[in-house]
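Engineer: Kindly generate the corresponding structure for this input.
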Amino acid sequence: MQIYMVGGAVRDKLLGRPVNDHDWVVVGATPEQMLELGYLPVGRDFPVFLHPETREEYALARTERKSGRGYRGFVVESSPDVTLEEDLSRRDLTINAIATSAYGTSAGGTFDPYSGARDIEARVLRHVTDAFREDPVRILRVARFAARFTDFTVAPETMQLMREMVAHGEVDHLVAERVWQELARGLMEEKPSRMFEVLRECGALQVLLPEVARLWGVPQRAEYHPEVDTGVHLMMVLDMAARLQAPLPVRFACLVHDLGKGTTAADMLPRHIGHEERSAELLKDVAERLRVPVDCRETADVVAREHGHIHRSGDLSAAALVRLLERCDAIRKPERFADILLACECDARGRLGFEESAYPQRQRLAAVLAAVQSVVTRDIAAQAAAKGVAGPQVGALIHQARVEAVAQWLQPRSDVA
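Structural biologist: Below is the predicted model of the structure:
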């Protein structure tokens, strides 16, 4: 039995990046031997075990043979006869197909049959073998790694291979859960725009997210969007979300907030009247198709519908501000409202020349919400009950009290102005 550290841990060590997880491959062993040594079986599709003490994953060396379309169309074979090189050959990129001995990471203990170290030095994402084409998830992984390793480029032959996979319909058979999993990871990388640029270049974006793909080439009003192109704006918004270290619901909201601009009638351009509601409708289809988690889809829905109103909230009256908070369900879900405001800031600053601009709407609306929350609804309801008032009339009284609280908060600001 021989044990090797493989994959991301080796790659990140060579890159000088932090190593958070270790993956191990075991050559020359059987499942029965692993069990005898106290390892715990966890693999559903192939033999993977947890170390009895560290709980790190140890996978038996294996090969894969294509048996059908899509992510699950494989026959996995594992036996003590499978070599380390055979195991590494099934991996996606050369930078992930490097192994080191479990007992040392010196140059002499490194096994690199596909020149992954060379590609790390050259900053290239290159497929290991032609077997890459057998798993369309690898297209998403390449795009995600491009978003993580921002100074790497995709090898021309790998990009061509991905284009061929798209043309042959492999991407059409991806499982929704895997697509979302990779997209979510890519959105959380250092420069998420690169993921979508790679997917667009190979043609996969048009298959997976046609609502996003059609945004490139759609013009916007230059006085609001000096970058003009809606697709370019979208990429700037995503990268601003990464810069501001936004959580996943915010980044997904940024991705889909302008989908409606892709359906604007040609004779209306560059204006996009009503695109907010169209964006919200298109979002429903995307969220259903990719099985997007509820927190992400709900945040994105509000951002799609309300980002224009939030941008212009400095001109709203007290009554209009309270109605805006109510539409955003901010009073009941203040933490989600904070995410909504952050997404709107990413949208406002994701424009050419506005990257360093302030976004006072975020702090202002947070203060407006605090003024609304200062209203003690329990006291209003008790007073109304004492007068025999019930039902919708109580809600109207609470709403009015909130408007008055916001008007009072606005008053000194009007005096200063």
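
Engineer: Outline the domain layout of this structure.
Structural biologist: Listed domain ranges for the chain are 1-123, 246-373, 374-417 (source: automatic domain parsing).

Engineer: for the ones you listed, which one ends up most surrounded?
Structural biologist: domain 246-373 (a mean of 19; mean count of other C-beta atoms under 10 Å). Heads up, the C-betas are built off the backbone N, CA and C, glycines and all.

Engineer: first vs last residue of that one, how far apart are they?
Structural biologist: With C-alpha to C-alpha, to the nearest Å as the measure, the ends of domain 246-373 fall 25 Å from one another.

Engineer: Quick one: distance of that domain to the chain centre.
Structural biologist: Remark: domain 246-373 is offset 17 Å from the chain centroid, using C-alpha atoms, centre = their mean, to the nearest Å.

Engineer: So for it, mean pLDDT?
Structural biologist: In this model, domain 246-373 has a mean pLDDT of 97.

Engineer: Walking through the stretch 1-150 of the chain, point out its strands one by one.
Structural biologist: Using DSSP state E, counting those that start in this stretch, the strands of the stretch 1-150 of the chain run over residues 2-6, 23-27, 40-41, 48-50, 57-60, 62-66, 74-78, 99-101, 110-111, 124-125.

Engineer: Can you tell me which of those strands is nearest to residue 350?
Structural biologist: For the strands of the stretch 1-150 of the chain, proximity to residue 350 was assessed by C-beta to C-beta; strand 124-125 is nearest, at 25.7 Å.

Engineer: quick one: contacts of the closest one?
Structural biologist: With contact meaning C-beta atoms under 8 Å, 6 or more residues apart in numbering, strand 124-125 is reached by 93, 95, 119, 142, 145, 146, 149, 152, 153, 154, 155, 158.

Engineer: try it again with 10 Å
Structural biologist: 92-96, 116, 118-119, 141-143, 145-146, 149, 152-156, 158-159, 198 (C-beta atoms under 10 Å, 6 or more residues apart in numbering).

Engineer: Out of these, which sit inside helices?
Structural biologist: Among the contacts of strand 124-125, the members found in helices (DSSP state H) are 116, 118, 119, 141, 142, 143, 145, 146, 156, 158, 159, 198.

Engineer: Please list all residues in contact with the first one.
Structural biologist: Applying C-beta under 10 Å, 6+ apart, we find residue 116 in contact with 10-11, 14, 88, 91, 93-99, 110, 124, 126, 128.

Engineer: Low-confidence ranges, the stretch 51-200 of the chain, go.
Structural biologist: Within the stretch 51-200 of the chain, the segments meeting pLDDT under 70 span 65-75, 103-108.

Engineer: Give me the residues contacting the helix ranked longest in the chain.
Structural biologist: Longest helix in the chain, counting residues (DSSP H): helix 392-416. Helix 392-416 is contacted from outside by 316-323, 325-326, 331, 364, 367-385, 387, 389, using C-beta under 10 Å, 6+ apart.

Engineer: quick one on the thing from earlier: among the ones in helices among the contacts of strand 124-125, which ones are buried?
Structural biologist: Buried subset of the ones in helices among the contacts of strand 124-125 (neighbour count, 16 or more other C-beta atoms under 10 Å): 116, 119, 141, 142, 143, 145, 146, 158, 159, 198.

Engineer: can I get those in CSV with distance to residue 405?
Structural biologist: Formatted as CSV, the entries for these read as follows, by distance: C-beta to C-beta, whole Å:
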residue, distance to residue 405
116, 62
119, 61
141, 51
142, 53
143, 48
145, 50
146, 49
158, 59
159, 57
198, 49
